[in-house]
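[1] Sequence and predicted structure are below.
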Amino acid sequence: MAMRFPKTPNKGPSDMAIFFPVFGTFSYGMYPIDKGNKNCRALAPASMVIDETT
């Protein structure tokens, strides 16, 4: 005999209403990190840069 569960209510924010603010906040937070990484890479001495040609 199959169990019957009550239908879940369709309340609360939609998936997109949660996804877009989270994605925007994540992107906004990663921007300064990426900018800092590029800045550190540009300021690094040549001896610390990994040579990928070998």
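    That came through, no problem. All values derive from a computational prediction rather than experimental measurement.
[2] ok, now which ones touch residue 20?
    By Cβ atoms under 8 Å, 6 or more residues apart in numbering, the contact set of residue 20 is empty. Backbone N, C-alpha and C define where each C-beta goes, glycine included.
[3] confidence score at it?
    Here, the pLDDT recorded for residue 20 equals 96.
[4] Same check on the one 5 residues further on?
    At residue 25 the predicted local distance difference test score is 96.
[5] distance of it from residue 40?
    Look at residue 25 and residue 40: by Cβ to Cβ, to the nearest Å, they are 24 Å apart.
[6] same check, this time on residue 5
    Distance from residue 5 to residue 40, by Cβ to Cβ: 54 Å.
[7] Could you do residue 33 as well?
    11 Å.
[8] Where does pLDDT dip in this structure?
    By pLDDT under 70, the low-scoring segments of the chain are 1, 44, 46-54.
[9] show me where it has helices.
    For the chain, applying DSSP state H gives helices covering 15-43.
[10] Any idea which residue is closest to the centre of it?
    Centroid-nearest residue in the chain: residue 26, 4.7 Å away (criterion: Cα atoms, centre = their mean).
[11] tell me the contacts of residue 45?
    When the contact criterion is Cβ under 8 Å, 6+ apart, residue 45 has no partners at all.
[12] roughly how far apart are it and residue 21?
    Applying Cβ to Cβ to residue 45 and residue 21 gives a distance of 41 Å.
[13] swap in residue 36?
    24 Å.
[14] Ok, residue 6 next?
    In terms of Cβ to Cβ, residue 6 sits 30 Å off from residue 21.
[15] more neighbours, these two?
    Using other Cβ atoms under 10 Å as the criterion, residue 6 and residue 21 rank with residue 21 on top: 11 against 5.
[16] check contacts around the more buried one.
    Counting by Cβ under 8 Å, 6+ apart, residue 21 touches no other residue.
[17] run the last query once more with 10 Å
    By Cβ atoms under 10 Å, 6 or more residues apart in numbering, residue 21 lies in contact with residue 13.
[18] how near is it to residue 43?
    For residue 21, the distance to residue 43 - Cβ to Cβ - is 34 Å.
[19] what does residue 5 give?
    60 Å.
[20] Fine, thanks again, bye for now.
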